[in-house]
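Colleague: pasting the structure only:
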């Protein structure tokens, strides 16, 4: 909500044309505009130009729209688009279901909620290279712990007998029928914490009197969930799913590190197709065309998100249409998923059905016991059911991290012989010593700290100024600027790093930490700006107006009133941007070639030489890489939830 301005007659001609606060808005938006313009918009324009060319020897020849027309008959491109859709749709379905379940379990807990929330954040916090390494090892068909545990428990042979897997032991990442479900599983594991935190923030924002009124009216647990919880979370669910869909649709790092798009092309998303054409095949024009042809779809999602955040769609859409739209959208996505991959459809539907049936059965039993007067029994059953569900969720979330922890403390003999898989005997620091002796790990660690801290400061300063301008100041073009900033966030790194690399060469910043400090805000700044704009909007404007009446200037009111009240939002944004910078892989992989300037994710990836994988040292490195951010989130997750409540929920 922007502050009401003076009467129209008191404004100058320029203010009436450009907005009352256009001068201050220009000053506040300038840093973000310069960064976005120089490091995103200019590369996008260069990519558009590149997409109309074709490389002939050392020269580029203008070919017009030929690269786009060639995509019509390109099987690899069509496969990539279908893979991106299947990967994104199923990942979002399971993230919503598991994230909502985790949020409900945490919301109703009175003890240990902060600790459990911190534990559930672990997958989202750990770097992508750690995620890929741990899951590749766990899903190994011969030595992986997943197959061993499923075999011992009898679940694995049962899956084979139900035709959910073709054979046992299963080749999760090497079997064409299981590779995509496995990649989706890993993405769900990493994404559920974000959904949980957002939904938990949304649940806290639902007034308690709505539940009390529904209970007095005789509503059951399921009825309260359907008629109170879901409507109260509608805005949060829509915003979270839209944001996550954009991120998932453009995912590159996770799939590349897990399968490199294989076996064959069964897991290759369209971004990886663009990367393959532009980098591996040196067809820069064709690679740029692959990504740019998908840009209208992504732009449509961003435009919908911006309209939703400004609450325009709900006010202009008729009631029956608004109620029917989610069902129409769900039916359309279901039909497309069945058409795109019927084999994955039935497997995913079976798993999803089991989860929903168990939840519905427990809720039904509790409701019946409560109706018949067995409150003590129903309370006990509810407590036991929620405890079992939370234990299962924690096992899913923390299992890979537990494997990393125990592997890091094994001797090399134990790692090679695969003995004492779940508990080292004896515990040893051998892998940590070898890590610092055989690798420049200390230097990688220092580089990551410097780059992450510097890029976070840059992004935070720019986002504070831009977020305040978008939330409070009146100027022409505010919505267009918001759309532009959000659109820059969804541009795939596989497209941007090519023109960015050319720019860095011109600025003589390649093979230096400055190349990362300068470019990292391009993917942290837009989301940080959106989150802070929502948070600033949630701060009562009366406080700022009172300061203005007392003689403060707008800048003084911003510094003395708004910023101190925005500390939770600032901390939330700081944690987000720091995590993204700490985990970044692609830019560091391309821009840095010298060992002395590598960051932790790229340094860890370089430790793998062909088929030689030093699992013990990688596990030790993963533990050391993950611990600092996990500790920060453990202490700051309360402020993170508060920041999301005011920013993402009310945004």
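Modeller: Cool, got the structure. All figures in this text were calculated on a predicted structure; none of them were measured in a lab.

Colleague: doesn't residue 60 fall inside a strand?
Modeller: Yes. Counting by DSSP: H, G, I helix; E, B strand; the rest coil, residue 60 falls inside a strand.

Colleague: how far away is the residue nearest to it when sequence neighbours are not counted from residue 284?
Modeller: In space, not counting the residues next to it along the chain, residue 60 is nearest to residue 53; the distance is 4.2 Å by CB to CB, 6 or more residues apart in numbering. Using the backbone N, CA and C atoms, a C-beta is placed for each residue, glycine as well. Per CB to CB, to the nearest Å, residue 53 is found 7 Å from residue 284.

Colleague: go on, residue 444?
Modeller: Distance, residue 444 to residue 284, using CB to CB: 31 Å.

Colleague: Return the set of buried residues in stretch 253-263.
Modeller: Within stretch 253-263, the residues that qualify as buried by neighbour count (16 or more other CB atoms under 10 Å) are 253-259, 261.

Colleague: sorry, back to before: ok now do the residue nearest to residue 60, which residues does it touch?
Modeller: Listed by CB atoms under 8 Å, 6 or more residues apart in numbering, the contact set of residue 53 reads 60-63, 284-285.

Colleague: Specify the beta-bridge partners of it.
Modeller: Beta-bridge pairing of residue 53, defined through DSSP bridges, involves residue 62.

Colleague: and it, what pLDDT?
Modeller: pLDDT, the model's per-residue confidence, is 89 for residue 53.

Colleague: how close does it sit to residue 537?
Modeller: Summarising the geometry, the distance separating residue 53 from residue 537, computed by CB to CB, is 44 Å.

Colleague: all helices of the stretch 501-650 of the chain, in order?
Modeller: Counting by DSSP state H, counting those that start in this stretch, the stretch 501-650 of the chain has helices at residues 513-519, 521-538, 541-549, 554-557, 563-565, 567-583, 586-591, 600-606, 615-644.

Colleague: could those go into TSV alongside mean neighbour count and mean pLDDT?
Modeller: TSV is the format used below for the helices of the stretch 501-650 of the chain (neighbours: other CB atoms under 10 Å; pLDDT from 0 to 100):
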stretch	mean neighbour count	mean pLDDT
helix 513-519	22	89
helix 521-538	25	81
helix 541-549	14	82
helix 554-557	16	83
helix 563-565	14	85
helix 567-583	23	84
helix 586-591	22	84
helix 600-606	22	86
helix 615-644	21	75
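
Colleague: Quick one: closest of those to residue 482.
Modeller: Between residue 482 and the helices of the stretch 501-650 of the chain, the tightest spacing by CB to CB is seen for helix 521-538, at 7.5 Å.

Colleague: now the angle between helix 541-549 and the closest one, please.
Modeller: 90 degrees (axes from the mean of the first three to the mean of the last three CA atoms, to 10 degrees).

Colleague: Checking residue 390 next. Helix, strand or coil?
Modeller: Criterion first, three-state DSSP; result for residue 390: helix.

Colleague: Now it: closest residue in space that isn't a chain neighbour?
Modeller: For residue 390, the spatially nearest residue (CB to CB, 6+ apart) is residue 105, at 5.2 Å.

Colleague: so how many other residues sit close to the one you found?
Modeller: Residues near residue 105, counting by other CB atoms under 10 Å, number 20.

Colleague: so which helix or strand takes in it?
Modeller: According to DSSP states H and E, residue 105 maps onto helix 75-107.

Colleague: Then residue 263?
Modeller: Assignment of secondary structure by DSSP H and E places residue 263 within no helix or strand.

Colleague: Can you give me every residue that contacts residue 437?
Modeller: Applying CB under 8 Å, 6+ apart to residue 437 gives no contacts.

Colleague: hang on, the earlier thing: could you save the buried residues of stretch 253-263 as a markdown table and add columns showing secondary structure?
Modeller: Shown next, in a markdown table, are the buried residues of stretch 253-263 (three-state DSSP):
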| residue | secondary structure |
| --- | --- |
| 253 | helix |
| 254 | helix |
| 255 | helix |
| 256 | helix |
| 257 | helix |
| 258 | helix |
| 259 | coil |
| 261 | coil |
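
Colleague: Just the closest of those residues to residue 476, please.
Modeller: The nearest member of the buried residues of stretch 253-263 to residue 476, counting by CB to CB, is residue 253 at 38.4 Å.

Colleague: pLDDT score for residue 473?
Modeller: The predicted local confidence for residue 473 is 83.

Colleague: circling back: report the contact partners of the residue nearest to residue 390.
Modeller: Contacts for residue 105 (CB under 8 Å, 6+ apart) come out as 386, 389-390, 393.

Colleague: Tell me the helix or strand right after the helix or strand of the chain at the bottom of the mean pLDDT ranking.
Modeller: The weakest-scoring helix or strand in the chain, judged by mean pLDDT, DSSP states H and E, is helix 312-316 (a mean of 47). Using DSSP H and E, the helix or strand that follows helix 312-316 towards the C-terminus is helix 319-340.

Colleague: Now do that next one: which elements does it pack against?
Modeller: Taking 3 or more CB pairs under 8 Å, 6 or more residues apart in numbering; DSSP states H and E as contact, the helices and strands that helix 319-340 lies on are helix 75-107, helix 342-371.

Colleague: which of the ones you listed sits most buried?
Modeller: Highest mean neighbour count of the helices and strands packed on helix 319-340: helix 75-107, a mean of 21 (counted as mean count of other CB atoms under 10 Å).

Colleague: Which stretches in the stretch 51-200 of the chain count as helices?
Modeller: Assignment of helices within the stretch 51-200 of the chain using DSSP H, counting those that start in this stretch yields the ranges 66-70, 75-107, 113-120, 122-125, 128-138, 145-153, 155-161, 179-205.

Colleague: Poorly predicted segments of the stretch 351-500 of the chain, please.
Modeller: Scanning the stretch 351-500 of the chain with the threshold set as pLDDT under 70 gives 362-375, 377-379, 381, 419-421, 486, 489-495.

Colleague: can we see that at 90?
Modeller: Of all residues in the stretch 351-500 of the chain, those with pLDDT under 90 make up the ranges 351-408, 410-428, 430-431, 434-435, 437-439, 467-500.
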